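Visitor: following is a predicted model, sequence given first.
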Amino acid sequence: MFYLKAESSFDAAHFLAHYEGKCHNIHGHHWIVQLRVCGEALQDTVQERGMLVDFSQLKGDLKAIVEPMDHTLIYEAGTLRAGTRDALAEDGFSLTEIPFRPTAEHFAKYFFERASALGYHVAEATVYETPNNCASYTGEED
Ligand SMILES: Nc1nc2c(c(=O)[nH]1)N=C([C@H](O)[C@H](O)COP(=O)(O)OP(=O)(O)OP(=O)(O)O)CN2
């Protein structure tokens, strides 16, 4: 089995609603997303012969997934009052609403699923919130 790894990153703010501790407040992270894809069959086209997938393709696809979150405030649906959300948007702030609590674990699963939906056989998605804190998702056990 061949394994390829790509990495992308984005800077964004988030907060953990109903969290007892400093993370309930809006704060930022330099999120690093690592994707490990695998496969046995290498390409046979002139351009990609001997490659599972061109690194530039993989890198580009991962970047396209993370890019919309860059320099936005990521919040879980239902955790910002409509008035707060609308005021921020009216003042030109970029917001990203997501249907899950913005933890590293949930993001790892989210990126795993987004890459899988593009056709990649994803072995693992890892999300770093800080240089020392990361969560990985490897899919559901069979
Ligand atoms: N299992 C998880 N635990 C926590 C998560 C998470 O996503 N998964 N997230 C947070 C907060 O978002 C927080 O920003 C990160 O945790 P923390 O270690 O407190 O952050 P720092 O590294 O900045 O802490 P310092 O000790 O001040 O350096 C909390 N937990």
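Guide: Received it, and whenever you're ready, just let me know what you need.

Visitor: list the buried ones in the helix or strand harbouring residue 13?
Guide: Here residue 13 sits within strand 2-14, counting by DSSP states H and E. For strand 2-14, the neighbour count (16 or more other Cβ atoms under 10 Å) marks 4, 6, 8, 10, 12, 13, 14 as buried. Glycine gets a C-beta too; all of them are placed from N, C-alpha and C.

Visitor: and the next helix-or-strand element following that strand with strand 2-14, angle?
Guide: Scanning forward in sequence from strand 2-14 by DSSP H and E, the next helix or strand is strand 27-39. Interaxial angle, strand 27-39 versus strand 2-14 (axes from the mean of the first three to the mean of the last three Cα atoms, to 10 degrees): 160 degrees.

Visitor: for this protein, which helix is longest?
Guide: helix 104-117 (DSSP state H).

Visitor: could I get the pLDDT score of the residue nearest the centre of the chain?
Guide: For the chain, residue 111 is the residue whose C-alpha lies nearest the centre (Cα atoms, centre = their mean; 4.4 Å). With respect to pLDDT, residue 111 scores 98.
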